[in-house]
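Undergrad: Fold the following for me, if possible:
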Amino acid sequence: MKSIIIASTSTLHGGSYLEYLLPTLQSHFKNCKSILFIPYARPSGISHDEYTKKAAQVFATINIKVKGIHEFENPEDAVKNAEGIFTGGGNTFLLVTQLYKNNVMQLLSETVKNGTPYLGSSAGSNICGLSMQTTNDMPIIYPPSFQTLGLVPFNLNPHYLDPDSQSQHMGETRETRIKEFHAFNAIPVLGLREGSWLEVKGDKITLKGNLAARLFKQNLNPEELQPETDLSNLK
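TA: Predicted coordinates:
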């Protein structure tokens, strides 16, 4: 049975890394003594070792050990044998490229679908949808495919930002960009505001947190979904 947390962000303004999610993660990974961390999304400023250490320090507070996938000789074996898995944020194009390069995209999808508890934040959440095409990230590298894990039957836009009526910025809003996606694609897109997450238990998908999420469907007006909304039938 799938057991997944898809978080819009790892850090809320004024809070520390994963702080707001910690009670949820303690329950989510309750049967795990260790988890596998996938730091592939981080392009610069912090090494894979440093990024893994950052995650390890948080999970140590709930008595869970963390080891980075880059520390294993065989990434496929690391995924197969993981008690739980956490994919961190960064650049989604880089993350997807590395997952394909290391031959673990399909394996990761199968592993999580078979019940290994999974946490994604930001880029690690983007890949939970059918494709990565609704990411906010710049295409700094060209992945072999835009197809991702398909853990939920729609696409995601983490860090979703509402238009600011007071702003003088004339560039595209997130809503505009998602509508551009829908000019060519029929896949629904869920805009997850920071502080929101999806809880996936088996076939049930529930919006969690204190904020509404914004649902976009092709040729329809956007819809506000309240916390605890059941998204299981969204396709």
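Undergrad: low pLDDT regions in this protein?
TA: 165, 167-171 (pLDDT under 70).
Undergrad: Kindly recompute the last result at 80.
TA: Residue ranges of the chain with pLDDT under 80: 163-172.
Undergrad: what's next to the helix ranked longest in it, contact-wise?
TA: Scanning the chain for the longest helix, with DSSP state H as the assignment, gives helix 48-60. Here helix 48-60 makes contact (Cβ atoms under 8 Å, 6 or more residues apart in numbering) with 17-18, 22, 25, 29, 35, 37, 39-40, 42, 46, 65-68, 70-71, 86, 88. For glycine as for every other residue, the C-beta is placed from the backbone atoms N, C-alpha and C.
Undergrad: burial count for the closest residue to residue 21 other than its chain neighbours?
TA: Leaving aside its sequence neighbours, residue 21 sits nearest to residue 7 (Cβ to Cβ, 6 or more residues apart in numbering; 6.0 Å). Residues contacting residue 7 under the criterion other Cβ atoms under 10 Å number 27.
Undergrad: I figured residue 7 was touching residue 119, is that so?
TA: Yes. The criterion here is Cβ atoms under 8 Å, and residue 7 meets it with residue 119 at 7.0 Å.
Undergrad: Look at residue 76 and give its secondary structure.
TA: Of the three states, residue 76 takes helix according to DSSP: H, G, I helix; E, B strand; the rest coil.
Undergrad: which residues sit in contact with it?
TA: 102-104, 107.
Undergrad: Any figure for the gap between it and residue 98?
TA: Distance from residue 76 to residue 98, counting by Cβ to Cβ, to the nearest Å: 13 Å.
Undergrad: circling back: buried stuff in the longest helix of the chain?
TA: 48, 51-52, 54-56, 58-59 (16 or more other Cβ atoms under 10 Å).
Undergrad: Among those residues, which one lies nearest to residue 226?
TA: residue 58 (29.0 Å; Cβ to Cβ).
Undergrad: Drop anything exposed from the contacts of residue 76.
TA: Applying 16+ other Cβ under 10 Å to the contacts of residue 76 flags 102, 104, 107 as buried.
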